[in-house]
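Novice: what follows is a predicted protein model with its sequence.
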Amino acid sequence: MVKLDSKCKKCRRAGEKLFLKGERCYGIKCALLRKPYAPGMHKKRKTKNTSEYGRQLEEVRKVKVTYGVNEAQMKKYFNESAKSKASTSDEFFKKLELRLDNIIFRLGFASSRREARQMVSHGHILVNGKKIDVPAYKLKKGDIITIRSQSLEKSAFKDLSKKLKKVQLPDYLTLNPEKLEAKVIGEPSLAKELPPFDFRQIVEFYSR
């Protein structure tokens with residue numbers, strides 16, 4: 001049985017917020033604010049030196065936990081990104097950010113990526129008018145995201161339009177809160193988004 005605070009422990013272990021528990025992560029109840037040190041470690045204890053491989057592994061682990069992806073998916077994203085003429089790090093980041101579950105989270109339709117994955121898996125989300133139930137589905141510029149009309153009566157979408165008016169969107173997305181309709185108008189960029197991960201370390205890890 002998974003403990004209720006397991007997500008908080010992952011943030012404390014990483015030493016930074018991974019935003020795994022939705023709105024709780026933004027408030028004063030955030031475990032990382034109350035205990036800004038790894039689980040099982042006294043707050044005054046010095047952190048031991050970590051090897052280059054250890055740092056790379058930690059960055060990979062943080063990405064997996066944050067985006068909810070497994071090792072096979074990470075390798076797939078890296079192999080595809082490495083074949084691109086563009087920066088491997090940028091391409092890797094784009095593939096993670098343009099996952100349907102992540103976009104649902106970015107839009108504010110869900111308070112966490114985990115909840116977003118459930119929304120997609122349960123068939124609540126439409127892309128260009130077609131139901132997509134694959135969380136890893138890759139979106140592209142021009143795609144339109146909406147909520148299935150039959151799903152709007154669900155409690156998860158109650159008063160959603162009001163909540164969406166407060167959402168700060170990345171540059172590559174637009175949203176009409178009243179129509180509950182969003183559109184991908186560009187591509188995510190490492191330089192603009194500044195994610196809390198070192199993609200150089202991640203690329204080096206998978207380049208071994």
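Specialist: Looks like it arrived, so ask away. Numbering: from 1, shown residues only.

Novice: pull out the buried positions in stretch 118-138.
Specialist: Going by neighbour count (16 or more other Cβ atoms under 10 Å), the buried part of stretch 118-138 is 118-120, 124-127, 132, 135-137. Just so you know, the C-beta spots here come from the backbone N, C-alpha and C atoms, and that holds for glycine as well.

Novice: again but with stretch 87-107, I slipped
Specialist: Across stretch 87-107, burial judged by 16+ other Cβ under 10 Å covers 87-107.

Novice: could the buried residues of stretch 118-138 go into JSON lines alongside pLDDT, distance to Thr50 and secondary structure?
Specialist: Listed next are these as JSON lines, based on pLDDT from 0 to 100; distance: Cβ to Cβ, whole Å; DSSP: H, G, I helix; E, B strand; the rest coil:
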{"residue": "Gln118", "pLDDT": "97", "distance to Thr50": "34", "secondary structure": "helix"}
{"residue": "Met119", "pLDDT": "98", "distance to Thr50": "37", "secondary structure": "helix"}
{"residue": "Val120", "pLDDT": "98", "distance to Thr50": "35", "secondary structure": "helix"}
{"residue": "His124", "pLDDT": "98", "distance to Thr50": "41", "secondary structure": "coil"}
{"residue": "Ile125", "pLDDT": "98", "distance to Thr50": "39", "secondary structure": "strand"}
{"residue": "Leu126", "pLDDT": "99", "distance to Thr50": "44", "secondary structure": "strand"}
{"residue": "Val127", "pLDDT": "99", "distance to Thr50": "41", "secondary structure": "strand"}
{"residue": "Ile132", "pLDDT": "98", "distance to Thr50": "40", "secondary structure": "coil"}
{"residue": "Pro135", "pLDDT": "98", "distance to Thr50": "32", "secondary structure": "coil"}
{"residue": "Ala136", "pLDDT": "98", "distance to Thr50": "30", "secondary structure": "coil"}
{"residue": "Tyr137", "pLDDT": "99", "distance to Thr50": "35", "secondary structure": "coil"}
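
Novice: same list (these) but as a markdown table, adding distance to Phe205.
Specialist: A markdown table is the format used below for the buried residues of stretch 118-138 (distance: Cβ to Cβ, whole Å):
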| residue | distance to Phe205 |
| --- | --- |
| Gln118 | 30 |
| Met119 | 31 |
| Val120 | 28 |
| His124 | 35 |
| Ile125 | 32 |
| Leu126 | 36 |
| Val127 | 32 |
| Ile132 | 30 |
| Pro135 | 24 |
| Ala136 | 21 |
| Tyr137 | 26 |
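
Novice: quick check, nearest of those residues to Ala156?
Specialist: Set against Ala156, the nearest of the buried residues of stretch 118-138 by Cβ to Cβ is Met119 (6.9 Å).

Novice: nearest to the spatial middle of the chain, which residue is it?
Specialist: What sits nearest the mean C-alpha location of the chain, by Cα atoms, centre = their mean, is Tyr67, with 4.1 Å.

Novice: report the contact partners of the closest residue to it other than its chain neighbours.
Specialist: Spatially, and ignoring its direct neighbours in sequence, Tyr67 is nearest to Leu96 (5.1 Å; Cβ to Cβ, 6 or more residues apart in numbering). Neighbouring residues of Leu96 by Cβ atoms under 8 Å, 6 or more residues apart in numbering: 63, 67, 69, 77, 102.
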